[in-house]
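Student: Got a predicted structure plus its sequence, pasted below:
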Amino acid sequence: MKVLFVETGLEGHHQIYLRGLVENCNVEAVVYTPQIIKSIKCKQYAHYIDWSEKKFLKYYKWISDLYQVSKRETPDIIHFVDGDSIMRYMGIGFDKLKCKKVIITYHHFFSGYLRKVSYKLMARNRNIVVHTERFKTKLQEVGINSVTHIEYPAFDYYEIKNIDSKNARDYFGLKDEFPIIGVIGATDEYKGLDILIDALKLVRIKLCLFIAGKESDIKADKINEIKQCDNIILKSSLGWMTEEEYLMAINACDYIVLPYRYSFDGASGPLVDGVIADKIIIGANHGSLGNLINNNNLGYVFETENIRSLASMIECALSSSFHSDNIERK
């Protein structure tokens, strides 16, 4: 069986996820990405597009090029690894692709009428994969039944387990004298880093804030506001991280903080990797994220987008003794 994996981005967790699929699926893999990825060992095609520009003509050229690749390779399956990024185009051109089956994986659930229309059009005669039960239920509520829930895969389980936390801290210049709370990944607005910065201004416990990832919506100027707090040490590594650096960043923390806004509803790569690395999770209490943390006893939740609630929960977490377990709560 031949599978053509289509990935629209390479930042953050995208490369890890794609490489995990290629290496763990017993199929002949072909990859179509914005640029060639040296760490992925299979036949590759590249077509760069800046999705933030949201221009239909560029999408049309991209899907037309993908059609030519599918015609050349004739895969059994075309798997769109990140359906979220192409939702605004509502599956235009999918019907022309040369394959027996199309699979689309969605990572975040988006509400709204146009999103509902897009989900229904893109799912027509296609198979959908999501990573939370809540997401599956949401799609079923709008009449999409060809959806499968698969828990977010931990492709780097053994790599994460084999990283020594002390070595990871040394790499980033972090010291053990105070608790280290980390925000790992690009500083996109929906991730709520600015909410965390404002919340930490209310925290009185001595701690280290560690931020590692590509500078995006939340800029260094906002991050540097925390330097006004005498009780907080700021360590930031803003920029593109290699896969190894990302995994070390996860291991360097004591706590992984996920202050996501209401606009985010889905699974989280840093959450999964943080759990594997035995880190305590502090996350927003809404949607799939809150359910995952609460139902599996992964850490602490706070009221989404509530600065005082987050500040209070950080102080509670750092003042308490938390022990996770292997019991899934219903």
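Tutor: Looks like it came in fine.
Student: can you give me the strands for the stretch 51-200 of the chain?
Tutor: Ranges of strands in the stretch 51-200 of the chain, per DSSP state E, counting those that start in this stretch, are 77-80, 101-105, 127-130, 147-149, 180-184.
Student: Next, the contact list for Gly9, please.
Tutor: Counting by CB atoms under 8 Å, 6 or more residues apart in numbering, Gly9 makes contact with 34, 51, 82, 85. Just so you know, the C-beta spots here come from the backbone N, C-alpha and C atoms, and that holds for glycine as well.
Student: Please identify the deepest-packed of the strands of the stretch 51-200 of the chain.
Tutor: strand 180-184 (a mean of 25; mean count of other CB atoms under 10 Å).
Student: Pull up the pairing partners for it, direction included.
Tutor: Next to strand 180-184 in the sheet, as set by DSSP bridges, lie strand 207-213 (parallel), strand 255-258 (parallel).
Student: what's the shortest one in contact with?
Tutor: Contact partners of strand 255-258, identified using CB under 8 Å, 6+ apart, comprise 179-184, 191, 196, 250, 268, 270-271, 274, 279-284, 289, 299, 314, 317-318.
Student: packing partners for the worst-scoring helix or strand of the chain on mean pLDDT?
Tutor: Sorting the helices and strands of the chain by mean pLDDT, DSSP states H and E puts helix 157-161 at the bottom, at a mean of 82. The contact analysis (3 or more CB pairs under 8 Å, 6 or more residues apart in numbering; DSSP states H and E) places helix 157-161 against helix 243-252, helix 269-276.
Student: Save those as a markdown table, and put in mean pLDDT too.
Tutor: Listed next are the helices and strands packed on helix 157-161 as a markdown table, based on pLDDT from 0 to 100:
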| stretch | mean pLDDT |
| --- | --- |
| helix 243-252 | 92 |
| helix 269-276 | 92 |
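Student: Of those, which is nearest Lys136?
Tutor: helix 269-276 (17.5 Å; CB to CB).
Student: Can you list the low-confidence ranges for the chain?
Tutor: For the chain, applying pLDDT under 70 flags the ranges 12, 323-330.
Student: Show me which helix runs longest in it.
Tutor: helix 56-73 (DSSP state H).
Student: Return the set of buried residues in that helix.
Tutor: 59, 62-63, 66, 69-70, 73 (16 or more other CB atoms under 10 Å).
Student: still on that earlier bit, could I get the strands of the stretch 51-200 of the chain as JSON lines with distance to Arg308?
Tutor: Below are the strands of the stretch 51-200 of the chain laid out as JSON lines (distance: least, CB to CB, whole Å):
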{"stretch": "strand 77-80", "distance to Arg308": "40"}
{"stretch": "strand 101-105", "distance to Arg308": "36"}
{"stretch": "strand 127-130", "distance to Arg308": "33"}
{"stretch": "strand 147-149", "distance to Arg308": "34"}
{"stretch": "strand 180-184", "distance to Arg308": "17"}
